Every structure is written in structure tokens, then in C-alpha cells.
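Peer 1: What would the 3D arrangement of this be:
(one chain, ligands or ions: 1)
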Amino acid sequence: MDSSPSASPAAAAAAAPAAGAAAATDRYTFRPGLRWQPEVEEYFASAYGRDHFARISEALAHPSCYSCIRVNTLKSTTDTVMQKLLKLVNQNELSCGFNGLKIGEQNGGEQAHEGSYLVHKCPYSGLENVLFVRGSGPHALHYDGQPGHSMKEIIISRKCAESVLRGAQVYVPGVLACSAHVEKGDTVAVSVAIEQPVKDSGWAVGITRGIVLQGLQSDAHYEERKGLYIGQGIAAMSRAGIFRVLHGVAVEMTERVYKLPSFNDVLEGEIFLQNLPSIVAARVLDPQPGEQILDMCAAPGGKTTAIAILMRDKGEIVALDRSHNKVMGILKLADEMGLSCIRAYKLDALKSVRKAYEERNLGVADNCSEAIVTLAENSGPIRSIIAARVTNAAEDSSTAIVEQTDAKRYVSKADLRKNLRRMRNGTGRSNCSGGRVEDSKGFFPSSFDRVLLDAPCSALGLRPRLFAGEETLESLRKNATYQRRLFDQAVKLVRPGGLIVYSTCTINPGENESLVRYALDTYKFLSLGSQHPKVGGPGIIGSCKLPNKAYTEQWLTEDEAQLVQRFDPSSSLDTMGFFIAKFNVGQKED
Ligand SMILES: C[S@@+](CC[C@H](N)C(=O)[O-])C[C@H]1O[C@@H](n2cnc3c(N)ncnc32)[C@H](O)[C@@H]1O
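Peer 2: Reported below is the predicted structural model:
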């Protein structure tokens, strides 16, 4: 198979101009076509069927047309938040470009049920704390070109455009090129530069930052930007300013192909903006108050906080991430939402299982550098009590052993000193003294009632996505291998009789169904559990011989496929691509 990049049939279909459309009007439109590596496209076409994959591909290139809000039911009620949001919509405070309209009016005649306003409740049972806020689009825009004059333009990067399509402004670092003589206050058309195939060497954007656009066909990427105009805005600074400063808003968008509500600084702590499948994943875990939960790859903490609220902030959620700053983010979010049952640690989840022999050594005062700390109950004040008890013990001897009731946590001497400092100085707003987060040395096997592995993945379900050519079969395969290694750790850490939920935000069966196949074939004590709520569709059955590869990827049987949830971006749910599998854990083999 030819592995050089090219525009995909899906891209070509999506990008083809409507018959008879005039070239000029066709230029200033938004008709993106997602490009894939041909071998990746072939693989997905064999998994989904060519037509279905073309629809998925097209859906991925557009944002979904509503925002999904999870209510923090420990701080407010769904009805109260709904009233507050309706008020904000009516006051036009969510900058979605419409106020007080009913859905039917906004969508040009779509049937509206009585009372179904732009903010409405999620209709699925088990998701009563979820609200949908509708946006609109795609809109045909009229760009303000003066007759006989070319429009002033700005070209932005793909990543920047993906954010702008979700409702952001254009920030300085995202600007690649700009017309000459753009002054603050000028109206500019905003288009996006997307990677193009380069003969024999992959993909390149091919625009040097700062070049001047003339509005001529000789401009960089003039032809390629046809159909990639995402709106119009007012320059917040001059051309010179845009390329001189390092940050700030470059363009305030005034017209957008998609109008989506913005929730910046809106009802902070009371609501959390989250994709529907992520909310479902936390719900499927079904965490119970008082339990010990592990969230293995937790940042930025969306699912962690959803789990904490489902547990009514009672119990303990250990939230791990390998990035220090991201762990800080989890703590900040937990603090904002008023949640105290979350313990976030910096830890590589691949190293999250402690060896059993370490346990035997613990408690031998002279040899041991660690203390066993137990959470009798799990709440903020208890944490301080534990810190105090550890501190007293630590001051008495080189090792502290604190009584345990049900669960064990291990704290090094350095952590003891840190706790002591924290006792004296207070924890600070983000619960992490001096901007440092705690490291963890890991956990003993079978420590947790439930484990969520929301795995790092190829993220090929995120929307909008304007380019997918960076993924190769090899990179997809590497993700799958990494996920299996993380899953192996999850299996060790969950207790017999417990539960593991595995999820990804990718459409790639190699990271979804294949992982489930691996799990069921490797660990005979695992079985797929039925899921509630069930919002997504079934998994993919069968297998696929990978092009030019010596192996066959195994997916699911028909029965198994019914037990997983797959969220299809091209379905009427209009959400991201996502996958959820729930495993019941039986008696483990020794
Ligand atoms: C899909 S995101 C998790 C999203 C999160 N569960 C949420 O809902 O907000 C994956 C996260 O895994 C983290 N990660 C990747 N490899 C890891 C590892 N070996 N150990 C711990 N975290 C890891 C990344 O830093 C990233 O934040």
C-alpha cells in the first residue's frame, strides 16, 4: 500500500463544492475535509465500512452543536443551575449569539417541544445532573469585503482554529499570517492553515509566521484555504503588535460558523463543562460513598470530580497523573468544587503497584523509612488529624506507625516533614503547599474497590479535529501497547469482587475492542459487566488483518459487543468518539 500522505476520499467528498456553487462564494465557507494517512484510513474503513467512516470523518471535523454541563449536586441542584443558565442566556451572557430562542426557531423550523429552551435537561435516566446548552451552526457567513478590494485576513494555526470553533477568541500565538496594514479595530476574515502533503516527506503547514498576505492567489496556501474560513472578527491589535507581543487576544470573533456558549467564569464550582460520554463513564463506575477508588490517569480531573460527587464526597479517591502541573490542576479543581475526598499524587501509573515484600518490612521501626497511615474516615479534617498523629509519632522516633482501620497509605519521612510544615502554614488554596504536589510510591495489590483507567490514547474522537494525518498504524499500535501495560496495573490494584472501568476518547478499535479482547483472554477472572446508563451503541465485532502487517487484530464477539459502549461522532447524539468497557473482577489467581 502507498503510505505517502494524500487527501482521503472522505476528505475529498467533504471538500467537494456543491454543484453550481459560484467560486467566489465557495471560497469563504467552512467545508473542512479530514486527512488521514492512507493506511490508517484503510484500516478504519475496514472496521466501520467506507461510507460509515466517511460520515465519522466528516463529523469529527465539526464541533458538536451543544455544550454539556454537569451540575455539582453537592453545591446546587440541576433545577437551580438550569434557571441560572436560562437567565444568563436571556441576558446574552454566554456569548452564544442568540438569546431566549426556542430550539425550533433557532434551527429554522425543527420541531420544538413546549418549554424546551436552549438549556434543557439530559433525557437519559441516571444522568439527571446533566444539562445541555444548545449552540448553532454551521452558519453561512457574509464576509465584509469592500467591492473591488480584497478583504483583510488573518490565517491561524489548526490548533488555534479548533479552539475558536469551540468558542474561544484568537490568541496571539495562534496567528500565522496577516494582511498588510491591519490596524486595531479592523474587521478581518479568519481562516485556518492545515497541514498539506509534502512529496515524500509527510505533512507541513508551509507558512512562515509573520508573512504578509496580499489577498492574491499568490498568497501562501491561497487555494488550500478555500472552504476553511471559520468566521470574522475585530483585530484587537495592529499587525505589528500581533507579531511583537507574546500573548493576548489578537482577534475578537464577531461572526462564527459555529456559535457555542462560552462558560468562562460562569457558575464556578457549581458546574463543570464535560462531554456526555465522560459523564457516563464516571456513572458506569458506580462509585459508592465510603469506597476506595483509584483514578489512574486523572488529569485534568473531570471524571475524578464526577466520581467524588457521586460518592457524596465520602470515601477516598486516589487520583494519579504523571504530570506535576496536571496534578496541581486536579487539586485546584477539587478545591473549586469543594471536594475533600480526592487525594491527588504525581505518579507514573505504570509504576503504581508496590511489591508485596515492602509490606512485610513495614512496621520494623529501625529498618523502615516509612509510616503506615490509615484513613479511619475520609474527610478534610481527618487528613489533618492524620498529619498530626504522624507528626507526633515522627517526632518520637524515626518511624511512625499509625493505627489502621481499613485502608493503608504509605508516607515517607519527607512527606511527614511536609505534613508538619502544612500543619504550621496551612494548605493554601490549591491544597498543595508551596506549589508542590505529593509524590506517591504506589499502592499494594488489591487496594481499591474500583479502578477507573481513562487511558491516554490517540484521542481520535475529539471534536473538532481538522487534521488526522499525524497518526500512523505504528503510532496507534504503540498506544495500544501502552494501554495494555496500564491495564495490567489496574488489574493488580483492584480487589477481588471489585470493578474496573476502561475508557478512551478514540474511535480506534485497536485501543478499544482490542484492549477488551486482551483483557478477557489474559485474565480469566475478568468478565464484562452490563453498563448503566447505556447511551452509546455496541462495540465492533470480528477481527481485522492489518494492511502490510503480520498480525490480525481481534475484536469482540456479538455478546461482548452488546456489553460495551461506543459513542459514534456521526450518530444523532452528536457527541465525541468515546469507548467504555466495564469489567467485573472475580477471584484472582495467585
Ligand atoms: C485521557 S487523559 C485523562 C482525562 C481525565 N481522566 C479526565 O476525565 O479529566 C489521560 C491522562 O493520562 C496521563 N498519563 C499518561 N500516561 C500516564 C502514566 N503513565 N501515569 C499517569 N498518568 C499518565 C496524562 O498526563 C493525561 O493527563
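Peer 1: can we go C-alpha only for contacts and neighbour counts from here?
Peer 2: OK.
Peer 1: how about the residue nearest to Lys492 when sequence neighbours are not counted, secondary structure?
Peer 2: Excluding the flanking residues, the one nearest Lys492 by Cα to Cα, 6 or more residues apart in numbering is Pro445, at 5.2 Å. Using DSSP: H, G, I helix; E, B strand; the rest coil, the secondary structure recorded for Pro445 is coil.
Peer 1: Could you tell me the phi and psi values at Pro445?
Peer 2: Note on Pro445: its backbone torsions stand at phi -50, psi 150 [degrees, to the nearest 10].
Peer 1: Assess the claim that it and Asp488 are in contact.
Peer 2: No: with contact defined as Cα atoms under 8 Å, Pro445 does not reach Asp488; the gap is 11.4 Å.
Peer 1: Neighbour count for those two, which is higher?
Peer 2: Pro445 (18 against 15; other Cα atoms under 10 Å).
Peer 1: So, low pLDDT: which residues of the protein?
Peer 2: When residues are selected by pLDDT under 70, those of the chain lie in 1-25, 93-117, 144-149, 356-434, 549-550, 590.
Peer 1: Tell me where the longest strand sits in it.
Peer 2: With DSSP state E applied, the strand covering the greatest number of residues in the chain is identified as strand 494-504.
Peer 1: Let me know the angle separating the helix or strand just after that one from strand 494-504.
Peer 2: Scanning the chain past strand 494-504 towards its C-terminal end, the next helix or strand to appear is helix 513-522 (assignment: DSSP states H and E). The directions of helix 513-522 and strand 494-504 differ by 160 degrees, with axes from the mean of the first three to the mean of the last three Cα atoms, to 10 degrees as the criterion.
Peer 1: Show me what helix 513-522 is packed up against.
Peer 2: Using 3 or more Cα pairs under 8 Å, 6 or more residues apart in numbering; DSSP states H and E as the contact criterion, the elements in contact with helix 513-522 are helix 473-493, strand 526-528, strand 552-554.
Peer 1: How about the closest residue to Val491 other than its chain neighbours: which residues does it bridge to?
Peer 2: The spatial neighbour of Val491 that comes closest, neighbours along the chain excluded (Cα to Cα, 6+ apart), is Ile500 at 7.7 Å. According to DSSP bridges, Val451, Phe583 are recorded as the beta-bridge partners of Ile500.
Peer 1: Ile500 and Asp574, how far apart?
Peer 2: Ile500 sits 27 Å away from Asp574, taking Cα to Cα, to the nearest Å as the criterion.
Peer 1: Tell me which residues touch Pro138, please.
Peer 2: Contact partners of Pro138, counting by Cα atoms under 8 Å, 6 or more residues apart in numbering, are Phe30, Val257, Tyr258.
Peer 1: about what we covered before: now render the helices and strands packed on helix 513-522 as CSV, adding distance to Lys75.
Peer 2: Shown next, in CSV, are these (distance: least, Cα to Cα, whole Å):
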stretch, distance to Lys75
helix 473-493, 32
strand 526-528, 34
strand 552-554, 45
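Peer 1: which element is the closest residue to the ligand within the stretch 1-150 of the chain on?
Peer 2: For the stretch 1-150 of the chain, the residue positioned closest to the ligand under Cα to the nearest ligand atom is Arg70, at a distance of 12.5 Å. Counting by DSSP H and E, the element that carries Arg70 is strand 66-71.
Peer 1: The helix or strand following that strand to strand 66-71, inter-axis angle?
Peer 2: Moving toward the C-terminus from strand 66-71, the first helix or strand encountered (DSSP H and E) is helix 78-90. Comparing the axes of helix 78-90 and strand 66-71 via the same axes, to 10 degrees yields an angle of 140 degrees.
Peer 1: Show me what helix 78-90 packs onto, helices and strands only.
Peer 2: When contacts are defined as 3+ Cα pairs under 8 Å, 6+ apart, helix 78-90 sits against strand 119-121, strand 130-134.
Peer 1: would JSON lines of those with distance to Gly269 be doable?
Peer 2: What follows is the helices and strands packed on helix 78-90, written out as JSON lines (distance: least, Cα to Cα, whole Å):
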{"stretch": "strand 119-121", "distance to Gly269": "19"}
{"stretch": "strand 130-134", "distance to Gly269": "15"}
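Peer 1: nearest to Ser46, of the ones you listed?
Peer 2: Each of the helices and strands packed on helix 78-90 was scored for nearness to Ser46 using Cα to Cα, and the closest is strand 130-134 (34.0 Å).
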